[in-house]
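Colleague: sequence first, then the predicted structure:
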Amino acid sequence: MSESLLWDKQNNQYIVDLRDSDGYIEALVIWKRTIVGRIQCIVEPSKTLFIGNIEIFENPILPRNGLFSLRPFQRPKRNFRQLGLGSAMLEYIIALATRQGMVGIRGEVTTDDALKTPYLIEWYRQHGFSIDESDKTAQGKKATIYRGL
């Protein structure tokens, strides 16, 4: 487990709590002790990092403060979307994959992902990913993304 820092477009600072074990990477993104996002990836045998999820929570998670805490029922009134945090999280994963000697990063955009975030495919394209929308053999798959390192 290790911690790093990243910043959004408004220069808000976040802690990235990285947990890397046996081919699975999870990073929690924390702002003032509140978990606001999560990154989940799988390290494939081909030295490619598969992005399973990059998520900014609609309802951030406050840590429990003791056995009978009311904190799990309290939510910050702040919205963490549209601040550039997702881009900062993706750049963090790209840098991590580069440091670990990966040859590329890939992932899939599902139909559900595209409905929830209509600009997602273009967002990946803006971050240097190639987009393949031709292979839709898996049910619910909208596109495959890839970026060589």
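Modeller: It's in.

Colleague: which residues does the most centrally placed residue in the chain contact?
Modeller: Geometric centre of the chain, nearest residue: I54, 2.3 Å, by Cα atoms, centre = their mean. Contact analysis of I54 by Cβ atoms under 8 Å, 6 or more residues apart in numbering lists G37, R38, I39, G86, M89, L90, I93. No exception for glycine: its C-beta is placed from N, CA and C like everyone else's.

Colleague: so which bits of the helix or strand hosting F57 are buried?
Modeller: Using DSSP states H and E, F57 maps to strand 48-61. For strand 48-61, the neighbour count (16 or more other Cβ atoms under 10 Å) marks T48, L49, F50, I51, G52, I54, I56, P60, I61 as buried.

Colleague: need the longest helix for the chain.
Modeller: When the chain is parsed with DSSP state H, its longest helix is helix 85-99.

Colleague: most neighbours among the contacts of I54, which one is it?
Modeller: Highest neighbour count within those, by other Cβ atoms under 10 Å: G37, with 24 neighbours.

Colleague: wait, that residue touches A88, no?
Modeller: No - using Cβ atoms under 8 Å, G37 makes no contact with A88, being 9.6 Å away.
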